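Engineer: build me a model:
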Amino acid sequence: MSKFIFITGGVVSGIGKGICGASIGRLLKDRGLSVFMQKFDPYINVDPGTMSPYQHGEVFVTKDGAETDLDLGHYERFIDEELTQRSNVTTGRIYSEVIRKERRGDYGGSTVQVIPHITDRIKSYVYKAAEESKADIIITEIGGTVGDIESLPFIEAIRQIHAENKKEDVLFIHTTLVPKIPGSDELKTKPTQHSFKELMSQGIKTNIIVVRSEEKISEEIKNKISLFCDVPKRAIVQSENVNLIYEVPLKLHEQGLDEYILHKLCLSGQPVLKDDWKVMIENFKNVKDELEIGLVGKYVQLHDAYLSVSQALIDAGYSNGHKVNLHWINSEEITEQNCEEVLKDLDGIIVPGGFGGRGIEGMIATSKYAREKNIPYFGICLGMQIAIIDIARNLCGLEGADSTEKDPNTKYPVIDLMKNQIDVEDIGGTLRLGNYDCKLLENSKVKELYKEDIIKERHRHRYEFNNDFKEDLEKEGVIFSGINPELGLVEIIEYTKTDYFVACQFHPEFKSRPNKIHPLFNGFIKASICNKNK
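Structural biologist: Next up, the predicted model:
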């Protein structure tokens, strides 16, 4: 039987529930327990797939094609487990499923209500996750803050789960802010007290409080929280500010959080079996060399829009003994005329994914510059399409070659819709999503990097390379080094007349881990280091 940990947040959002949950997952895995993680989001969107990156950061895609919250990226990187559709549930998804059942007559004429129908549906996702994953621990984060009207059904559902299970099988962790008052520089516990009481009014008694604060909280502050919130002092820990996000599990372990969780779940006696995470952190913190990488994209004002890409680059840098300095470059501000001025000091250039026609010309100029100046180039999804347009226009003589997403009337549609996408009206959930096979070409760079014949990678896109133009690009030095064997679609290209120019249609960042760097990120960083040393 699985045990359940629920993480709620109070006072304000964005104080680190996701990182707290991921860190707890890491600590429990290091003690030999299996872990599965979930995020329940109260917004009414069915998933974040149609939301602007400026609204919600990146959309993280699971292996089975779920478009999910970016916190799932943290979960996967920390616990090194591939999550599924069960891992991200929204209010919109729950209500749409319940309404669909009602329309089919599944409720036998009953009046459909929040309790029990909505809450039962929410609970089913928790119990199904336990049944399918067979994990020892299911960790579920409730998005938003306690008191949000949208969160109430989720709070009620986890209260019911507590009531339906043994006391030692369910644990509640509450994350709160201890703010400093400007002027007096006093740390105040009142917001923590209020959010604790709000949870109590909804039937949930918090077992552990994790606080965030600008500075280290004193024993006096802990005593006060313990007194007013009826939580043992040892159950109050601080998620400290750190330079490297992967240090958070170590900081929580030093305060005995994992030990106390095991005590409350009656799993005491589980020794720490692995310390490789700690070794990895020490290695990361001891790097001395630096690397300048340019990330050229259209959403660079919000760095969370490229969270998995930036984290994969940073991790690959550390793994190769270099601190990556990321230069966030807005593609709308790049032209062929200013390209050299903007990009000249970079050791490597990456163009990540995106949708729509805005900023495309700046990316094409970037690809051309990297190719002509022999600077390592790594294109992801849109970044591969950009490289193809650049080569088609500037080497193949296909003037005006473009993607039909940007120019539906282009004479040379080198990037075009898949046939089964042409008449699609709804855009939510209709992309090519999740894992697809990719067969690698012998004697290619990617075959050398992966050391495998067939790989599986995650996708999130609608437009594809138009195979009608394959021969044109091959004549100019492009090899199609990765092909989907079922659909015949191009997954990876390489331009062979430079030292390193690799682009892929899938999203390798979703599978990169700090302790298991993705081969394409590893190859790109190694090539960038060579370029720097050259």
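Engineer: where does residue 175 land in three-state SS?
Structural biologist: What DSSP: H, G, I helix; E, B strand; the rest coil gives for residue 175 is strand.
Engineer: distance check, it against residue 125.
Structural biologist: Going from residue 175 to residue 125 by Cβ to Cβ, to the nearest Å gives 21 Å. Quick note: C-beta positions are derived from backbone N, CA and C, even for glycine.
Engineer: same thing with residue 108?
Structural biologist: 22 Å.
Engineer: looking at those two, which is more packed in?
Structural biologist: Set residue 108 next to residue 125 and count neighbours by other Cβ atoms under 10 Å: residue 125 wins out with 21 against 5.
Engineer: what's in contact with the strand or helix carrying that one?
Structural biologist: Assigned by DSSP states H and E, residue 125 falls within helix 119-133. By Cβ atoms under 8 Å, 6 or more residues apart in numbering, the residues outside helix 119-133 that reach it are 1-2, 4, 34, 36, 38, 40, 84, 86-87, 89, 94, 97-98, 135, 138, 140, 153-154, 156-158, 160-161.
Engineer: what's the answer for stretch 88-104, then?
Structural biologist: Contacting residues not belonging to stretch 88-104 are listed as 38-47, 62, 66, 68-69, 72, 107, 112, 117-118, 121-122, 125, 150, 153 [Cβ under 8 Å, 6+ apart].
Engineer: drop anything exposed from the residues you listed.
Structural biologist: 38-43, 45-47, 62, 66, 68-69, 72, 117-118, 121-122, 125, 153 (16 or more other Cβ atoms under 10 Å).
Engineer: restricted to helices, list the residues you listed.
Structural biologist: With helices defined by DSSP state H, the entries of the buried ones among the contacts of stretch 88-104 inside them are 72, 121-122, 125, 153.
Engineer: quick revisit: what subset of the contacts of helix 119-133 is buried?
Structural biologist: Listed as buried from these are 2, 4, 36, 38, 40, 84, 86-87, 89, 94, 97-98, 135, 138, 140, 153-154, 156-158, 160-161; burial here means 16+ other Cβ under 10 Å.
Engineer: quick one: which of these sit in strands?
Structural biologist: 4, 36, 38, 40, 89, 138, 140 (DSSP state E).
Engineer: pLDDT score for the first one?
Structural biologist: Just to be clear, that refers to residue 4. For residue 4, the pLDDT comes out at 98.
Engineer: next one: the third one
Structural biologist: Each residue has a pLDDT score; the one for residue 38 is 97.
Engineer: ok, the last one next?
Structural biologist: We have a pLDDT of 98 for residue 140.
Engineer: test my guess that it contacts residue 8.
Structural biologist: No: if you go by Cβ atoms under 8 Å, residue 140 and residue 8 don't touch, sitting 9.8 Å apart.
Engineer: check contacts around the most centrally placed residue in the chain.
Structural biologist: Closest residue to the average C-alpha location of the chain: residue 73 at 2.7 Å, with Cα atoms, centre = their mean. Applying Cβ under 8 Å, 6+ apart, one finds that residue 73 lies in contact with 58, 60, 307-308, 311, 510.
Engineer: how deep is the closest residue in space to residue 452 that isn't next to it in sequence tucked in, by neighbour count?
Structural biologist: Spatial nearest neighbour of residue 452, chain neighbours left out: residue 440 (6.8 Å); criterion: Cβ to Cβ, 6 or more residues apart in numbering. Residue 440 has 21 neighbours, counted by other Cβ under 10 Å.
Engineer: report the beta-bridge partner residues of residue 440.
Structural biologist: Counting by DSSP bridges, residue 440 forms beta bridges with residue 482.
Engineer: how close does the closest residue to residue 457 other than its chain neighbours get to residue 433?
Structural biologist: Computed as Cβ to Cβ, 6+ apart, the closest residue to residue 457 that is not its neighbour in sequence is residue 506, at 3.8 Å. Using Cβ to Cβ, residue 506 is found at 11 Å from residue 433.
Engineer: where exactly do the strands run in the stretch 101-250 of the chain?
Structural biologist: All strands of the stretch 101-250 of the chain, identified by DSSP state E, counting those that start in this stretch, fall at 137-142, 170-177, 180-181, 186-187, 208-212, 236-238.
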